[in-house]
Every structure is written in C-alpha cells, then in structure tokens.
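> Fold the following.
(chains A and B)
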2 protein chains.
Amino acid sequence: MRMAPTDMPFTDQDHRLMRMALQEAEAAFEAGEVPVGAVVAANGRVLARARNQTELLRDVTAHAELVAAASAAQALGGKFLPGCTVYVTLEPCPMCAGALFWFRPERIVYGAPDPKRGQSLYSPSLYHPKTVVHQGLMAEEAAGLLQEFFRLRRE
Amino acid sequence: MRMAPTDMPFTDQDHRLMRMALQEAEAAFEAGEVPVGAVVAANGRVLARARNQTELLRDVTAHAELVAAASAAQALGGKFLPGCTVYVTLEPCPMCAGALFWFRPERIVYGAPDPKRGQSLYSPSLYHPKTVVHQGLMAEEAAGLLQEFFRLRRE
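All right, here's what the predicted structure looks like:
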C-alpha cells in the first residue's frame, strides 16, 4: 500500500534543498513578487533554482517551479527531468502540475498547500503517474511568507 | 441558460482564424513536430500565431497555444489577453488550460478533442470561469492531421 504523502519522512538533504527554495521565495518577497521559490536537484546536486517572477517578466507563466524545471532540463541537455526532485515552497497550480507532467521528474516535494489554486483541487491528479509527490516540508515557513506578503498588500 | 459548447455557431471570422491555426499545424507536421497550431486574435486582428515546437526548442512546454498566448500578451504590452480569442487546433492539455486560466482570454475555440490529455478529462474545469470555450471547429481537419502524423511515426 502506498503511504499517504504526509507519512513520508523527509531527509536532511530534502530540508537543505527546501531551505534553498525558501530563500528564493524570500528574494521574490523582497522584489514584490508573490513569494514562491523552487529548486531542482538530482542526487543532491542543484541543477536550477528560481523564484516566481511574473511581475519582473510580465509573464503570468513565470512561476518558480516552471522556470526552475525548464532551466534544469536545459542543464541536463534534454527535455525531461529523470532522477530529479523538484522542491517548491507552494503547491503547484494546474499549469505547473500539468507542465511537470511533461517534464516527468522522479519526485516533487512541496511545502504549503494552496487551497485556492492548488492542483489537488482537481481530479484525477494532474501529476505524471510515475512522479512521487510529497507535501508539507517546511509548510509553515512557506505559508507564513505568503500570508505576510498578502497582509502587507492589503494595508 | 448557457448553451452547450457544440450548440454554438461559429462565424466566418472564426473559420478564417482556425484555418490559419491549421496552417500552423501543417507547418509543424512538415517540421516533424506533433501537428498543433494556434492563433490569438482580438476583434479579428491577429496578435500572434504559433505552432507546437517542443522538438525544435527541446522544451516540453512549447505547445502552440502557450507560445501564441505569451506572444499575444507581449504584443498587447500586458500580461493578460482581454478581448482575445485563442484558436487552437487541438483541445488544450492541463498545462495549457492552466496557463490560459492565468492569461484570461475572453474566449477559447478549439478543434479536435484530445481523449488522452485533454483538459476535459479533469474536473472541475481548468479554464478561467470567465473564459467562454467553444469546441469542434474544423475538428476533422485537425484530427486528421494528427492521425496521419502518428500513423507515419508508427511505420
């Protein structure tokens, strides 16, 4: 039987790489972007890191995990992400989950759930069936950053 | 009551613009790409046209409608597609439907359904609730091109 995502243990390496994704999210925050960050790694080696940059690029598709996945595939010299883990601080939206379907990473680890636009609002799952997905790593930090961002915007 | 998508009549302009999207699909076919084409127009004026170019760009996200939508938003000098219709020869996949959610076009018109990866396999709908979606325009031509492409590949 497959374990529920929240039962999965995270390794020290997972923590280290999600910490890096959170740093990207913090940099996005500082730049006035919705604070989401992502890292793509294979065997602990970082292939790409990116932050949300929809404002900077004036491109609604420039979400952190999409930018990082495209960079990582390029770094690997291919179109796919075999053996890779995508770390992202917020649950992917349908666009990003649908893009990750095509990139086919081995694993996706995300932090905070996105109750408004997260892919888990849809069924069946938008992820590739061979991609293992773990949720909840450093979720509080990721969610706290987003809450602070939107709180400041409302003021 | 909202009419079902297949009850919607298509205008001469719709036919003209979908014909242009089909020409893009044919060019993709000639280039060895999965033959899908797209056009974005506002009031009949073409803002962008594009074909699938996942092989050329070695980028799994370079789907016709995603490339065309990004170009059209840039042509408009903004991030969104107000007043625009996106014509695409094949039903958008979840990535593209999810991206079109963010681009918020007024209308999406597509040709052939995609029984393997079409967004309509998922629920609720991945499109923006304010985007009107019409299906089935020149569906046979679009599907015929795809069938021929995959038939040649299998030989």
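> now the helices for chain A?
A:12-30, A:64-76, A:94-103, A:139-154 (DSSP state H).
> What is the last one packed up against?
Just to be clear, that refers to helix A:139-154. helix A:12-30, strand A:84-90, strand A:107-112 (3 or more C-beta pairs under 8 Å, 6 or more residues apart in numbering or on different chains; DSSP states H and E). In short, each C-beta sits where N, CA and C put it, glycine included.
> Chain B is nearest to which of the ones you listed?
Nearest of these to chain B, taken as C-beta to the nearest C-beta: strand A:84-90 at 13.3 Å.
> for the closest one, packing partners?
Packing contacts for strand A:84-90, counted by 3+ C-beta pairs under 8 Å, 6+ apart, involve helix A:12-30, strand A:37-42, helix A:64-76, helix A:94-103, strand A:107-112, helix A:139-154.
> go with 7 Å
helix A:12-30, strand A:37-42, helix A:64-76, strand A:107-112, helix A:139-154 (3 or more C-beta pairs under 7 Å, 6 or more residues apart in numbering or on different chains; DSSP states H and E).
> in chain A, which ranges drop under the pLDDT threshold?
A:1-8 (pLDDT under 70).
> middle-most residue in chain A, spatially?
In chain A, the residue lying closest to the centroid (C-alpha atoms, centre = their mean) is residue A:88, at 2.0 Å.
> thinking that one is in contact with residue A:107, fair?
No: using C-beta atoms under 7 Å, residue A:88 makes no contact with residue A:107, being 11.6 Å away.
> what about the residue lying farthest from the centre of chain A, distance to residue A:148?
Distance from the C-alpha centroid of chain A, by C-alpha atoms, centre = their mean, peaks at residue A:155 (27.7 Å). Using C-beta to C-beta, to the nearest Å, residue A:155 is found at 11 Å from residue A:148.
> just to revisit the earlier point, deepest of the helices of chain A, which one?
Mean neighbours per residue, mean count of other C-beta atoms under 10 Å in any protein chain shown, is largest over those for helix A:94-103, with a mean of 27.
> Which residues of chain A lie near chain B?
A:58-61, A:70, A:79, A:93-95, A:98-99, A:101-103, A:122-124, A:126 (C-beta under 7 Å from any C-beta of the partner chain).
> Next, count neighbours for residue A:82.
The number of residues packed near residue A:82 is 12, by other C-beta atoms under 10 Å in any protein chain shown.
> I should have written residue A:120 there, sorry.
17.
> show me what contacts it?
Each residue near residue A:120 by C-beta atoms under 7 Å, 6 or more residues apart in numbering or on different chains is listed here: residue A:91.
> if you set the cut-off to 8 Å instead, what comes out?
Applying C-beta atoms under 8 Å, 6 or more residues apart in numbering or on different chains, we find residue A:120 in contact with A:91, A:113.
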